[in-house]
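>>> This is the structure alone, sequence omitted:
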């Protein structure tokens, strides 16, 4: 179905969009967390049941990083080189730090065990999801570079280890993505295409997602423009493969892609989603940060404008961390209230889905896991979010093209008597309840903060005193400014701040309660 | 004509686009610089002649800031309150600093004198332009706030002086735009619409440009989303007015708008150009910085994607200053070579026009004014730029929405042994000649720089020594790295840098000679 109604910044849809959640299950979580349990076909399949009768519409099942968690014939399975009877420091795990060995072995051992028992969890999950009316997808990580500071890590493929010349950067290791494969090389594309062929043959999925955001960087620095054509052609080739399988399976097979959150950054990294959409190569586009924080201010309305006239479903990707700065030492996770905030805003800006990444049922999960069932029943639709307590927290974008100047709002140095402004996209203004602007401030006493000028959308805010915030929260003191709902705007709200003394703003949020 | 061919990032046009220049003549320059000369109808009209047989296709004639430089019946003319026989410190000019009085009086006096002589320069310029085959436009500044730190300045309208409650910010004066009119107020819109009505009636122009980039901010902070609908409706109302005049004049009358350079910043300030284009309200869109520097890296390909399917002409706006940082004390101007650089890149990214603002024939002009005739014959087309010496300099974007985090690449602190990356959009790679990467570096000796690692698109660069750069140039020493043309990419080129000691990068450019 073509998107028929206007979705531009000023336009309104007349019919509520068919929103919902996508949920990503990664390639290690299940195996690692179910280690030691009795696993038969039913216990494995029943993992899906928790997502039945929720807002999850697509279950995105990830079977791989550089190795596969199933018995691949074309890539190395995760248990390659594993001795189930060997010690924890056996050769495969010897280079892994002792503290991480147990978790790694759990993953490897459970996957090995299931394979020995003839159980393929992905197959079972696909069947069970379909039975629940949830659309099963396979989400393939296109360039995963976990643990690349350790060449010997159990997690690497032999192909990666043996072909350092196929990596995108070989003159430094500043960040993991420096060691990622260079998709400018035909061997790299063919290596990954091999797995796609196997996945399409092995699994009867509704859709295949190319997860380019693990880890986001696929070309030598400065070679991204040539990359645009390479990734478009690669995507077209996958589409052609899926066309063949559509005929064999007798049903539509969708193609999706996860890409960086902002159009210009995406282009600067070799992604051209507008062209993929126009050429009808993709059916779903997920715009998302990489990992370092949920990105509460993604330009959904501009993406919708770029997808206008196509039938592509646009999903807003949430990560589980919530952080204010790339250098922050805090690694807090989202809670029900912060997810409600992000989702309310992103849906209001036109997202067709909220896509949960690293929101699994244990371990890698939201902070207040007891609220997970509620989250799954609320976070995908404006009507179920309406009227609930929510927090809109200022975060940052963690992915930038090589050499692209980055814009990171916090922490903000505030010299005395100079105004600083922050903005938060907060979605629709609630019809009832109370609202608060909250600022984390370093370098001032409470009396100093009471003397600061704080304005919301141009109007002066009253000082409400120092408060004890629930997590997530900054290390610095937090001050509250109660604001009447009439002061708030749909969409962006601007907080302006001026202090009589130098200080530093470390946290900015607007909360509805 | 609908844009028929692909303009996306990976797409190529098959026919060279009908490119060219737009040239903006501001509301004071002519009057100020021609003061004391004998001005009759022919001498005034002949000002246009210098643009005949150049690449200038549209002449954008600006008749106003808060006052008009012609004899308006609905706004205050610039000479209102002026006594031609009075002293330089007469009431109208008393608050103006002595050093600025002469220039101000020249403007006022010449405009007054022409009016007394029954000469309307705009009318004459429109006629003369048409005779030369140049399309004459009127470019109206929609919210000019020069000199607003001085309430009594000669330049202000009585309407502005008497209505402080109609300004967008009244609780501080951090920047001029704080004192701009608030277009959220109906009185403000009607005040400006009055002038539009008069301009449409008085002048037989080919097009009317709404210059929103003087000074770019039109709403109370935080009220920009409501502004989206207000500016769209305002633009629609202007379009309806022009439709009436089209019938009377018997020819098409185009409507244009100048807006900020990046789509998300534009939306955050209340501009919705994609909707204006889709609704067929505008025929030309100029994306541009405000003033503080030419912006060499504007996302033209994304704008073209947003305008796809419309017939809007997309112009890339160049300002005359070339600076590396908003706080820089240097106010250097572009030269023929830096304009060639910017234009080569912006045309290659899909711009339909290069729009010159503050590139006038004297005073407010490019640095090497002797090259002005050449500039007018080269800067609007890829074929006339090809093979010429050009410089691609890293600058910054000077306009950001309230609270929008800003991305400013320079100066860049470079801690020892950490890589920093910069990118420059350099358009097509020349087929011959030589190329240089150039870095301004503070805090290192020449020997230290020789020991730095510098890479272009991943490949190591040779050190070429310290050089003496022509203007524009930084205050710090500049070092050259000769690079073979084979190392360059079309579009973005990434320079990576690592030093063994802490230092600061102040300047980044790639030059072709």
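Yep, it's here. Note that the coordinates shown come from a computational prediction; the quantities given were computed from them, not determined experimentally.
>>> remind me, longest helix of chain A?
For chain A, the longest helix by residue count, based on DSSP state H, is helix A:224-249.
>>> wait, what's in contact with the residue of the stretch 151-300 of chain A found nearest chain B?
Closest approach between the stretch 151-300 of chain A and chain B, counting by C-beta to the nearest C-beta: residue A:222, at 3.0 Å. No exception for glycine: its C-beta is placed from N, CA and C like everyone else's. Residue A:222 is in contact with A:402, A:403, B:423, B:456, B:457, B:458, B:489, B:492, B:493, B:494, counting by C-beta atoms under 8 Å, 6 or more residues apart in numbering or on different chains.
>>> Show me which residues of the stretch 51-200 of chain A sit near chain B.
Within the stretch 51-200 of chain A, the positions adjacent to chain B are A:169, A:171, A:172, A:174 by C-beta under 8 Å from any C-beta of the partner chain.
>>> So which of the residues you listed wins on neighbours?
With neighbours defined as other C-beta atoms under 10 Å in any protein chain shown, the most crowded of these is residue A:169; it has 21 neighbours.
>>> Let me know the pLDDT of that residue.
On pLDDT, residue A:169 comes in at 97.
>>> ditto for residue A:1
Looking at residue A:1, its pLDDT reads 41.
>>> now do residue A:65
For residue A:65, pLDDT reads 98.
>>> Find the nearest non-adjacent residue to it, please.
With C-beta to C-beta, 6 or more residues apart in numbering or on different chains as the measure, residue A:144 is the residue that lies nearest to residue A:65, at 3.7 Å, once sequence neighbours are left out.
>>> For that neighbour, identify the helix or strand it belongs to.
Residue A:144 is located outside every helix and strand, with elements delineated by DSSP states H and E.
>>> and it, what is it in contact with?
Per C-beta under 8 Å, 6+ apart, neighbours of residue A:144: A:64, A:65, A:66, A:214, A:215.
>>> do residue A:193 as well
For residue A:193, the contacting residues are A:234, A:237, A:238, by C-beta under 8 Å, 6+ apart.
>>> follow-up on the earlier one: how far off centre is the longest helix of chain A?
Its chain's C-alpha centre and that of helix A:224-249 lie 23 Å apart, by C-alpha atoms, centre = their mean, to the nearest Å.
>>> And for stretch A:314-334?
That offset, for stretch A:314-334, works out to 9 Å (C-alpha atoms, centre = their mean).
>>> That stretch - what's its average pLDDT?
In this model, stretch A:314-334 has a mean pLDDT of 97.
>>> any residue of it up close to chain B?
No: shown here: stretch A:314-334 not in contact with chain B (C-beta under 8 Å from any C-beta), separated by at least 11.3 Å.
>>> first to last residue in that stretch, what's the distance?
By C-alpha to C-alpha, to the nearest Å, the extent of stretch A:314-334 from end to end equals 22 Å.
>>> go on, stretch A:479-488?
From its first residue to its last, stretch A:479-488 covers 19 Å (C-alpha to C-alpha).
>>> What of stretch A:271-288?
Using C-alpha to C-alpha, the end-to-end distance of stretch A:271-288 comes out at 13 Å.
>>> next one: stretch A:61-74
Separation of the first and last residues of stretch A:61-74 by C-alpha to C-alpha is 19 Å.
>>> swap in stretch A:122-142?
Stretch A:122-142 has its terminal residues 18 Å apart, counting by C-alpha to C-alpha.
>>> Pull out the buried positions in it.
Within stretch A:122-142, the residues that count as buried by 16 or more other C-beta atoms under 10 Å in any protein chain shown are A:122-126, A:128-130, A:132, A:134-142.
>>> taking the contacts of residue A:144 one by one, which sit in strands?
Among the contacts of residue A:144, no member falls in strands (criterion: DSSP state E).
>>> For these, which single residue is the most surrounded?
residue A:64 (27 neighbours).
>>> these two touch, right, residue A:273 and residue A:266?
Yes: using C-beta atoms under 8 Å, residue A:273 makes contact with residue A:266 at a distance of 6.2 Å.
>>> what about the helices in chain A?
Under DSSP H, chain A gives helices at A:29-33, A:41-45, A:98-116, A:121-131, A:158-162, A:186-202, A:224-249, A:263-268, A:273-278, A:300-307, A:336-348, A:372-378, A:382-385, A:446-450.
>>> wait, which of these is closest to residue B:324?
Closest of the helices of chain A to residue B:324 is helix A:263-268, at 20.2 Å (criterion: C-beta to C-beta).
>>> other SSEs contacting that closest one?
Under the contact definition 3 or more C-beta pairs under 8 Å, 6 or more residues apart in numbering or on different chains; DSSP states H and E, helix A:263-268 sits against helix A:224-249, helix A:273-278, helix A:300-307, helix B:300-307.
>>> In a markdown table: those, plus mean pLDDT and mean neighbour count.
As requested, these are arranged in a markdown table below (pLDDT from 0 to 100; neighbours: other C-beta atoms under 10 Å in any protein chain shown):
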| stretch | mean pLDDT | mean neighbour count |
| --- | --- | --- |
| helix A:224-249 | 98 | 18 |
| helix A:273-278 | 98 | 24 |
| helix A:300-307 | 98 | 25 |
| helix B:300-307 | 98 | 25 |
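>>> Switch those over to TSV; also include distance to residue B:348.
Shown next, in TSV, are those (distance: least, C-beta to C-beta, whole Å):
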stretch	distance to residue B:348
helix A:224-249	11
helix A:273-278	17
helix A:300-307	21
helix B:300-307	9
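>>> Quick one: closest of these to residue B:466.
helix A:224-249 (31.4 Å).
>>> just to revisit the earlier point, out of the helices of chain A, nearest to residue B:255?
helix A:300-307 (20.4 Å).
>>> what's the burial count for residue A:348?
18.
>>> try the one 3 residues further on
Using other C-beta under 10 Å, the number of residues around residue A:351 comes to 26.
>>> what do you get for residue A:500?
So residue A:500, with other C-beta under 10 Å, has 12 neighbours.
>>> Go ahead and confirm it touches residue A:416.
Yes: between residue A:500 and residue A:416 there is a contact at 5.8 Å, judged by C-beta under 8 Å.
>>> follow-up on the earlier one: tell me which of the residues of the stretch 51-200 of chain A next to chain B is nearest to residue B:465?
residue A:171 (22.9 Å).
>>> what packs against the lengthiest strand in chain A?
For chain A, the longest strand by residue count, based on DSSP E, is strand A:503-512. Using 3+ C-beta pairs under 8 Å, 6+ apart as the contact test, the elements touching strand A:503-512 are strand A:390-393, strand A:412-414, strand A:420-425, strand A:435-442, strand A:492-498.
>>> what lines up beside that strand in the sheet?
strand A:390-393 (antiparallel), strand A:412-414 (antiparallel), strand A:435-442 (antiparallel) (DSSP bridges).
>>> Need the winner for burial among those strands.
Among the strands paired with strand A:503-512, ranked by average contacts under mean count of other C-beta atoms under 10 Å in any protein chain shown, first place goes to strand A:390-393 (a mean of 26).
>>> what sits up against that strand?
Residues outside strand A:390-393 that contact it (C-beta under 8 Å, 6+ apart) are A:296, A:322, A:324, A:335, A:337-338, A:340-342, A:344-345, A:424-427, A:472, A:507-512.
>>> hmm, back to that, now the residue of the stretch 151-300 of chain A closest to chain B: how far from residue A:423?
33 Å (C-beta to C-beta, to the nearest Å).
>>> go on, residue A:270?
In this view, residue A:270 and residue A:423 are 30 Å apart by C-beta to C-beta.
>>> Which positions in the stretch 251-400 of chain A make contact with chain B?
Residues of the stretch 251-400 of chain A lying close to chain B by C-beta under 8 Å from any C-beta are A:262-264, A:267-268, A:272, A:274-275, A:278, A:299, A:301-302, A:305-306, A:309, A:396.
>>> Next, give phi and psi for the closest residue to residue A:57 other than its chain neighbours.
Nearest non-adjacent residue to residue A:57, counting by C-beta to C-beta, 6+ apart: residue A:20, 3.8 Å away. Torsion angles at residue A:20 (phi, psi; degrees, to the nearest 10) stand at phi 170, psi -170.
>>> Just list the residues touching residue A:20, thanks.
Counting by C-beta under 8 Å, 6+ apart, residue A:20 makes contact with A:55, A:56, A:57, A:58, A:353, A:354, A:380, A:381.
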